[in-house]
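Q: let me see the structure of the following:
(one chain, ligands or ions: 3)
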Amino acid sequence: MNKHITVLPGDGIGPEVTAEAQKLLEEVAVQFGHTFEFTAAHIGGAAIDAEGTPLPEQTVARCKASDAVLLGAVGAPKYDRGPASGRPEAGLLGLRKALDVFANLRPITVFPPLAAASPLKDEVLTNVDFVIVRELTGGLYFGTPRERIQTDHGLEVVDTLRYSEQEIERILRLGYQIAQQRGKRLTSVDKANVLESSRVWRETAERLHAEYPDVELNHLLVDNAAMQIVKDPGQFDVIVTENLFGDILSDEGAMITGSIGMLPSASLGAGGPGLYEPVHGSAPDIAGKGIANPLASFLSAAMMLRHSFGMFAEADAVEQAVQQVLADGLRTADIAGPGDTPLSTAEMGEAVRTRLRATVAAK
Ligand SMILES: NC(=O)c1ccc[n+]([C@@H]2O[C@H](COP(=O)([O-])OP(=O)(O)OC[C@H]3O[C@@H](n4cnc5c(N)ncnc54)[C@H](O)[C@@H]3O)[C@@H](O)[C@H]2O)c1
Ligand SMILES: CC(C)[C@H](C(=O)O)[C@@H](O)C(=O)O
Ligand SMILES: [Mg+2]
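A: Residues are numbered from 1 along each chain as shown. Ligands and ions are numbered 1, 2, ... in the order given. Have a look, this model is predicted:
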């Protein structure tokens, strides 16, 4: 197959991990007889520096014209001042909206060789395999008005949590459908004891349940959900939740896997190109050192192969290669134990490509 992939390296460790992910995809193409064409474009701080805006029109056009988008990360301390709309993060939010990728899938999978890197005890880690389905293009992130108001008694600030019923319904439907394909358990997370938007969320989940009677539905308040994810993560199959709650719970879920450097994501919409990115950020504290863990980016590439291209064997091969390097004891610094010699980002990339070649040759 011939596929066109737009690569948006972004900032900090973004270019470091996406360079390795692109090499891995190139290896997949060679091993499986595909042609992947890559076009790079600017986003985030890199786009501000090069083109004066965090999301150039040309970047959006390229992404829309491609089969899938691979993103690194955006953000750097030097852009922290000034209005939110001029920050690197605004580029990422704008892209998600422009591509209408309203569903962000964040699978929480524990690789057994990494159990020691998790802060949770082995007995709690048994059977942990769930996916967070995060609403990605609504809620507090996008609601208006959003402003600072100078009043007689000082500054007031406004952010707006706004959802249409249609936005709530489409993400809940997807949550049900994903649950139908997995363990048939859907946990809808909200704050219905306080927020009106959450009450409509809960009512909609209840109403739609009649259409998905084979799925067991339960509701959790988000504060309790945060606790349950640490206390007993094995209880979850599919968690569906609104934008901000999903952002926070997924970083919490990432730590169960051992490191935020292990958590991939797929952002999907109604038929346009999918956006694939590791859940982690630009990690300014380690940027430029060549030590970032590229595995979240590799696993995001696997999600691209599966969800956007329907290349199931190829996706499995990438995931198996990642499992193999971990089983062989190879670690980047973030997942290394006391006796391990950490690999660089490039060394980990090479190791995974080597395992990929071996996996394909063995078939
Ligand atoms: N998708 C994105 O582009 C995205 C996601 C989250 C944060 N950000 C942005 O990134 C910047 C930094 O945010 P932050 O520090 O809160 O979160 P972060 O995810 O960048 O880093 C948090 C911690 O995790 C470590 N870490 C992250 N990814 C790693 C990897 N692949 N390998 C090893 N260690 C890794 C970092 O070194 C740091 O100690 C901010 O500007 C933020 O807005 C962007
Ligand atoms: C960088 C930021 C805008 C982004 C978000 O909050 O969605 C990030 O934290 C994420 O999880 O993808
Ligand atoms: Mg986040």
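
Q: centroid residue for the protein?
A: Closest to where the C-alpha atoms of the chain average out (C-alpha atoms, centre = their mean) is Ser265, at 2.7 Å.

Q: any chance you could map the strands in the chain?
A: Secondary structure of the chain by DSSP state E: the strands cover 2-10, 35-40, 68-73, 103-109, 129-135, 143-151, 154-160, 185-190, 216-221, 238-241, 266-268, 274-276.

Q: quick one on the thing from earlier: my read: the residue nearest to the centre of the chain touches Tyr276, true?
A: Yes - applying C-beta atoms under 8 Å as the test, Ser265 and Tyr276 come out as touching, 7.1 Å apart. Backbone N, C-alpha and C define where each C-beta goes, glycine included.

Q: check the residue in the stretch 251-363 of the chain that ligand 1 sits nearest to and give its pLDDT.
A: Ligand 1 sits closest to Gly281 of the stretch 251-363 of the chain, with a gap of 2.3 Å, by C-beta to the nearest ligand atom. Predicted confidence (pLDDT) at Gly281: the value is 97.

Q: isn't it right up against Ala76?
A: No - Gly281 lies out of contact with Ala76 (C-beta under 8 Å); the separation is 9.7 Å.

Q: how about the helix or strand bottoming out on mean pLDDT in the chain: buried residues?
A: Sorted by mean pLDDT, DSSP states H and E, the helices and strands of the chain end with helix 122-125, the least confident at a mean of 84. Neighbour counts using 16 or more other C-beta atoms under 10 Å place Val124, Leu125 of helix 122-125 among the buried residues.

Q: same check, this time on stretch 172-184
A: Leu172, Arg173, Leu174, Gly175, Tyr176, Ile178, Ala179.

Q: from Ile229, how far off is the last one?
A: What that stands for is Ala179. 17 Å (C-beta to C-beta, to the nearest Å).

Q: and for the fifth one?
A: Per C-beta to C-beta, Tyr176 is found 21 Å from Ile229.

Q: domain map for this structure?
A: Listed by automatic domain parsing, the domain ranges of the chain are 1-104+265-363, 119-256.

Q: hmm, the last one touching ligand 2?
A: Pointing back at domain 119-256 there. Yes - Domain 119-256 lies within reach of ligand 2 by C-beta under 6 Å from any ligand atom, at Asp247.

Q: that domain vs ligand 1: in contact?
A: No - Domain 119-256 lies apart from ligand 1 when judged by C-beta under 6 Å from any ligand atom; the minimum separation is 7.7 Å.

Q: picking up where we left off before, contacting residues for the nearest residue to the residue of the stretch 251-363 of the chain closest to ligand 1 once chain neighbours are set aside?
A: The shortest distance from Gly281 to any non-neighbouring residue, by C-beta to C-beta, 6 or more residues apart in numbering, is to Ala73 (5.0 Å). Ala73 sits next to 10-14, 17, 44, 277-278, 280-283 when contact means C-beta atoms under 8 Å, 6 or more residues apart in numbering.

Q: what are the bridge partners for Ala73, then?
A: According to DSSP bridges, the residues that bridge with Ala73 are Gly10.

Q: how far away is it from Met348?
A: The gap separating Ala73 from Met348 is 17 Å, by C-beta to C-beta.

Q: what of Arg182?
A: Counting by C-beta to C-beta, the gap from Arg182 to Met348 is 29 Å.

Q: so His280 is in contact with Pro264, correct?
A: No - His280 is beyond contact range of Pro264, at 9.9 Å (criterion: C-beta under 8 Å).

Q: so what sits against both of Ser265 and Tyr276?
A: Residues touching both Ser265 and Tyr276 by C-beta under 8 Å, 6+ apart: Ser300, Met303.

Q: can you name the residue of the stretch 201-350 of the chain nearest ligand 2?
A: Nearest residue of the stretch 201-350 of the chain to ligand 2: Asp247, at 4.3 Å (C-beta to the nearest ligand atom).

Q: that residue - how many residues pack around it?
A: Asp247 has 19 neighbouring residues, counting by other C-beta atoms under 10 Å.

Q: quick one, what contacts it?
A: Arg134.

Q: cool, the one 10 residues further on as well?
A: Residues in contact with Thr257 (C-beta under 8 Å, 6+ apart) are Ile108, Thr109, Val110, Phe111, Leu114, Ser118, Leu263.

Q: could you measure from the third one over to ligand 2?
A: Spatial separation of Val110 from ligand 2 under the definition C-beta to the nearest ligand atom, to the nearest Å is 20 Å.
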